[in-house]
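S.K.: Sequence first, predicted coordinates after that:
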Amino acid sequence: MLDLSNIAEVKLSYSAKVKPSERPQISSSKDAQMICSSLWPAGTIELKEFFYTLLLDRANKVLGAVRIGEGGISGTVADVRHIFQSAILSNCSSLILAHNHPSGNTQPSEADIKLTRKIAKAGELHDIKVLDHVILTCENYYSFADEGMI
């Protein structure tokens with residue numbers, strides 16, 4: 001007989017704490033920049049890189065935000081599996097990626113471009129559209145969508 005006592009139980013949950021009518025809606029990269037900027041811990045946007053994902057419903061209302069990675073001054077890890085685990089768990093329809101450049105340079109690196117393409121491709125497989133990738137600094141931002149990069 002098979003012993004099932006040593007098999008781990010996996011529990012999945014998503015708890016919406018905000019009514020749909022009260023969720024912020026994103027209609028531009030500026031909206032995304034403003035919401036994403038509020039996610040950064042105070043005083044850290046010039047200190048080290050963070051990577052976040054905004055999870056959106058069909059009306060581009062924010063279902064939630066997830067910190068995907070926290071790194072050093074010149075980079076952070078963004079695990080594609082972690083991004084889509086959160087996306088699928090929340091039943092989102094689309095997402096927006098965001099990370100900061102402590103250097104103050106808003107231009108995407110080659111690694112930023114490759115990662116964005118990889119995540120967008122994974123999104124296609126899951127029917128979850130990647131609407132934008134926003135790179136933040138303390139003074140400005142770069143939008144992949146505005147620049148035709150996504």
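M.R.: That came through, no problem. Bear in mind the structure is a predicted one, so any value in this text is a computation, not a measurement.
S.K.: Ramachandran angles for the nearest residue to Leu136 once chain neighbours are set aside?
M.R.: Using C-beta to C-beta, 6 or more residues apart in numbering and skipping the chain neighbours, the partner closest in space to Leu136 is Asn100 (4.4 Å). Using the backbone N, CA and C atoms, a C-beta is placed for each residue, glycine as well. Phi and psi for Asn100, reported as degrees, to the nearest 10, are phi -110, psi 160.
S.K.: try the one 3 residues further on
M.R.: Torsion angles at Ser103 (phi, psi; degrees, to the nearest 10) stand at phi -70, psi -20.
S.K.: contacting residues for it?
M.R.: Applying C-beta atoms under 8 Å, 6 or more residues apart in numbering, we find Ser103 in contact with 73-74, 137.
S.K.: Show me which of those residues are buried.
M.R.: Thr137 (16 or more other C-beta atoms under 10 Å).
S.K.: does the spatially most central residue of the chain have beta-bridge partners, and which?
M.R.: Centroid check for the chain by C-alpha atoms, centre = their mean gives Thr53 as the closest residue, at 1.3 Å. With DSSP bridges applied, Thr53 shows beta-bridge pairing to Val66, Leu97.
S.K.: where along this structure do the helices fall?
M.R.: For the chain, the helices defined by DSSP state H occupy 29-37, 80-89, 110-126.
S.K.: just these: most buried one?
M.R.: helix 29-37 (a mean of 19; mean count of other C-beta atoms under 10 Å).
S.K.: what sits against Gly123?
M.R.: Residues counted as contacts of Gly123 (C-beta under 8 Å, 6+ apart) are 84, 87, 95, 129-130.
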